[in-house]
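Here is my input, please return the structure:
(3 chains)
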Amino acid sequence: MPELPEVEVVRAGLEPAVTGATVSSVTVFDERSLRRHSGPAEDFVDRLTGRGIVSAERRGKFLWLPLGPSTASGTEEEGPEALVVHLGMSGQVLLRDRETDDRLTRIRIELDHPFHRQLRLNFVDQRIFGSMAIDRLLQTPDAPSGLVPGQVAHIARDPLDPQFDDRLFLARLARRNTGVKRALLDQTLLSGVGNIYADEALWAARVHFDQPTSTLSRPRAKLLLAEVRLVLAKALGEGGTSFDAQYVNVNGASGYFSHSLNAYGRQGKPCPRCGRPITRVSFMNRGSHFCAFCQRVR
DNA sequence: CCCCTCACCTGATCGC
DNA sequence: TGCGATCAGGTGAGGG
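This next block holds a predicted model:
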């Protein structure tokens, strides 16, 4: 699902259900879904079983559930840990009762919750680009208040984060020597933006995807950042973008934002601004959708 | 250090 | 119906 709005929909759906719950059992059906876990499946299962879940956090497209103290004694000086989830291209976290199975479930986590009683988290992932992992929580240099998993430490804040630093972003962007869409997709520069919302924000700001970052004027860069924020916030308000049942919230429901797309997936259809057809070109092994009239390199 | 390409995967869908 | 080709919203390792 997974750009910022879709991941945030999952995080927000998970939070009330998992906070205060205890992991009662873990089943790994496909070990490839542990690609970001350093260790075998048994290690993942052992370290997760019996742990309490403290909250549900997110940075960019990474999601994590901080864990309470381990019941295994003597190892707590290692510091706090979290269950890290990345949805990749096709991952879902589905909140179910203990009887419900989902096709393509790669990992199943069963929870006991004081109010919601017995729950089941099915991690479903067609392409297995997503993953779960247990990772240590670290203090990051840019976050005096926040702990993030080690594997998320290099990810920048997202533009909806109140602590996102606009001036720092604009300065780093201007120093880049690449095309602006590449920069938008670079999660170490700003996080949460993927192919859909990059194309949508570029369309809204009337910027060509391959405009060199070094020649993008500061006013246009600021406008682009503002449009990134707008499109992310709007999509979040509509429950994310889903074209099919692949992108859903924790209850399996789809978002509505696909009805609001102006450029992404609309090749051949009229640009909502000027009426000329939207172009699709291959770029970075994916599609870039833009209006060749409204969005020109300059 | 920065930038870019590519490998990693499966399943749904489309055209023949 | 069947079969091969094509496509999909992400990330990080490794080469230049």
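
Please make it C-alpha for all contacts and neighbour counts, starting now.
Fine.

need the contact list for the residue nearest to the spatial centre of chain A.
Nearest to the mean C-alpha position of chain A, counting by CA atoms, centre = their mean, stands A:Lys61 at 1.9 Å. The contact partners of A:Lys61, taken as CA atoms under 8 Å, 6 or more residues apart in numbering, are A:2-4, A:7, A:86-87, A:191-192.

same check, this time on A:Ala235
A:Ala235 makes contact with A:5, A:241, A:257, according to CA under 8 Å, 6+ apart.

how far away is whatever residue of chain A ends up closest to DNA strand C from A:Leu94?
Here the residue of chain A nearest DNA strand C is A:Gly194; by CA to the nearest atom of the strand that distance is 3.0 Å. In this view, A:Gly194 and A:Leu94 are 22 Å apart by CA to CA, to the nearest Å.

what pLDDT does the residue of chain A closest to DNA strand C get?
According to the prediction, A:Gly194 has pLDDT 95.

picking up where we left off before, compare the contacts of A:Ala235 and tell me which is most surrounded.
Neighbour counts for the contacts of A:Ala235 peak at A:Pro5, which has 28 neighbours (criterion: other CA atoms under 10 Å).

Quick check: that one touching A:Leu232?
Yes. With contact defined as CA atoms under 8 Å, A:Pro5 reaches A:Leu232; the gap is 6.1 Å.

Okay, now the unreliable bits of the stretch 101-250 of chain A?
Residue ranges of the stretch 101-250 of chain A with pLDDT under 70: A:141-145, A:242-248.

Now do the helices in it.
A:166-175, A:180-185, A:195-205, A:218-237 (DSSP state H, counting those that start in this stretch).

Any idea which of those gets closest to A:Glu110?
helix A:218-237 (27.9 Å; CA to CA).

circling back: inside strands: which ones of the contacts of A:Ala235?
Per DSSP state E, strands hold no members of the contacts of A:Ala235.

just to revisit the earlier point, the residue of chain A closest to DNA strand C: neighbouring residues, count only.
19.

For it, give me its contacts.
Here A:Gly194 is in contact with A:2-3, A:184-185 (CA under 8 Å, 6+ apart).

Pull the most distant pair out of these.
A:Pro2 and A:Leu184 (15.3 Å).
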